[in-house]
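Participant: Can you look at this prediction? I've put the sequence above it.
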Amino acid sequence: MLTASIDFGTTNSVVGINNNGKVEMVRLGRDTLETKSVLFYSFEDKSFYVGDSAIEELRLESIGRYFVSLKSFLGSAENIETTLGTTTYSISDLISIILRNYKGVLERHAGESIDRVILGRPVHFNDKDKFLDRQAQERLYSSAIQAGFKEVYFEYEPISASLAYEQSIQKEEIILVADIGGGTTDYTIVRVGGKKKKNIDRRDDILSTHGCYIGGNNFDSEIIRNFVIEHLGYGSHYKNMGKEMQIDYSLYSDFSHWHKFQKMYDYKVINRIEKYIYMAYDKEKISRLLELIKNGLYFDFSERVIKSKIDLSSRKSTIINMDIFENPFSQSLSRKEFDRVILEDINTIKSTLKETLNLAGVKANQIDKVFLTGGSTLVPAVRNIYETFFDKDKLIQTDVFSSVGYGLAIGASRI
């Protein structure tokens, strides 16, 4: 029987098929296994576009709504809804559109219908509220059912990553899986290898699972808050009722988080920005914020912010070039400055690691290998955490995008 596996990530997604134990990964992107977990609704043809197709529409400057990091909404207390045309969509509705697209890709590849799916999930959708964490999985379950699947199963993403690693070893090891993607940091300490490979039920091999709601998107937000929003009017002065005042951060609180930017399209927010433009001394800066919203520049804007983060993985400094605006600007950014603004997040990732070791009852020197997966493990400040705790020769950097998806497909044999 065919079972689909879907690693629906905050930033990227990967899919595969398990056909009675035979695993096959299926390409989602035009040229890659993975595709961006994004959705675009076109106001022109009233259609939804997913992944690479959504990005292509944006590059063609189609008019519509662009949704990113939808997975980040799952653990929220908010009942997220948005109206497109005459239809109101919940967060589960929007994610179901993406999953339905993936289901279609898998079925076209397999040449038959696929009713069962195993989905990856982070250790915590919400690391502070157990009810919201359960609700998040229920929302994702609902999305999969809406997408057309009849049987839906879940596996922790770091467990899946350990299954992928296990295929390459013979002897038994105790490994730490550190899976840090766009939205979460997930840790699992598990016994792998040896005779354990043949067992279907692996619960006794899991020594601990733990995590926190911090990932690459948090790093992007810090870049925006500390180095970009001043060019979009934050901190600028305006005159109101004879008093000189300063544009405060409340206008930008949703703007600096990818998944919350949708709220900036609200007419109340746009009206507020327009009033600031009328009253501001430096109209050029605050006008950029309105231009960003009304001209659909958010994709290009986000790409430039993310590029600066990626640049700093291999370089000591970079330039954030915002030539997308009518009045362009640029901002230099050094790795030292970047490390400074993400320090609090780094410390949380580090303390969560310590808690994971304590929960497993093992010391750092008892870990045989540290399996690093997820795009955010490429950030030097993140990698330095593991180089501090463990010998460098224990660190294994896998394919940051596909290892969880491959492990999910292997794990589908369990069901």
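Facilitator: That came in fine, so what should we check first?
Participant: Remind me what the least confident helix or strand in the chain by mean pLDDT packs against, helices and strands.
Facilitator: The least trusted helix or strand in the chain, going by mean pLDDT, DSSP states H and E, turns out to be helix 157-166, with a mean of 80. With contacts taken as 3 or more Cβ pairs under 8 Å, 6 or more residues apart in numbering; DSSP states H and E, helix 157-166 sits against strand 116-121, strand 173-180, strand 185-192, strand 206-212, strand 369-373, helix 403-411. Backbone N, C-alpha and C define where each C-beta goes, glycine included.
Participant: Rebuild these as JSON lines, extending it with distance to Gly29.
Facilitator: JSON lines is the format used below for these (distance: least, Cβ to Cβ, whole Å):
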{"stretch": "strand 116-121", "distance to Gly29": "18"}
{"stretch": "strand 173-180", "distance to Gly29": "20"}
{"stretch": "strand 185-192", "distance to Gly29": "23"}
{"stretch": "strand 206-212", "distance to Gly29": "27"}
{"stretch": "strand 369-373", "distance to Gly29": "18"}
{"stretch": "helix 403-411", "distance to Gly29": "12"}
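Participant: I'd like those laid out as TSV, including mean neighbour count and distance to Ser317.
Facilitator: Conversion of the helices and strands packed on helix 157-166 to TSV gives the following (neighbours: other Cβ atoms under 10 Å; distance: least, Cβ to Cβ, whole Å):
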stretch	mean neighbour count	distance to Ser317
strand 116-121	24	35
strand 173-180	26	23
strand 185-192	26	26
strand 206-212	20	29
strand 369-373	24	25
helix 403-411	28	30
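Participant: Compare those and give me the one nearest Arg383.
Facilitator: Across those, Arg383 has its closest neighbour in strand 369-373 (7.3 Å, Cβ to Cβ).
Participant: and the helix or strand just after the closest one, average pLDDT?
Facilitator: Per DSSP states H and E, strand 369-373 leads on to helix 380-389 as the next helix or strand towards the C-terminus. For helix 380-389, the mean per-residue pLDDT is 96.
Participant: quick one, helix 380-389 and strand 173-180 angle?
Facilitator: With axes from the mean of the first three to the mean of the last three Cα atoms, to 10 degrees defining the directions, helix 380-389 sits at 160 degrees from strand 173-180.
Participant: how about the very next helix or strand once past helix 380-389: buried residues?
Facilitator: Where DSSP H and E defines the elements, the next helix or strand beyond helix 380-389 is strand 395-397. Of the residues in strand 395-397, those buried by neighbour count under the rule 16 or more other Cβ atoms under 10 Å are Leu395.
Participant: picking up where we left off before, what is the orientation angle of the least confident helix or strand of the chain with strand 185-192?
Facilitator: Computed by the same axes, to 10 degrees, the angle between helix 157-166 and strand 185-192 is 40 degrees.
Participant: what's the closest non-adjacent residue to Arg100?
Facilitator: Closest residue to Arg100 in three dimensions, ignoring its sequence neighbours and counting by Cβ to Cβ, 6 or more residues apart in numbering: Ala147, at 4.1 Å.
Participant: Could you report the neighbour count for the one you found?
Facilitator: Using other Cβ atoms under 10 Å, Ala147 has 21 other residues around it.
Participant: Could you list the low-pLDDT ranges of the stretch 251-400 of the chain?
Facilitator: 259, 400 (pLDDT under 70).
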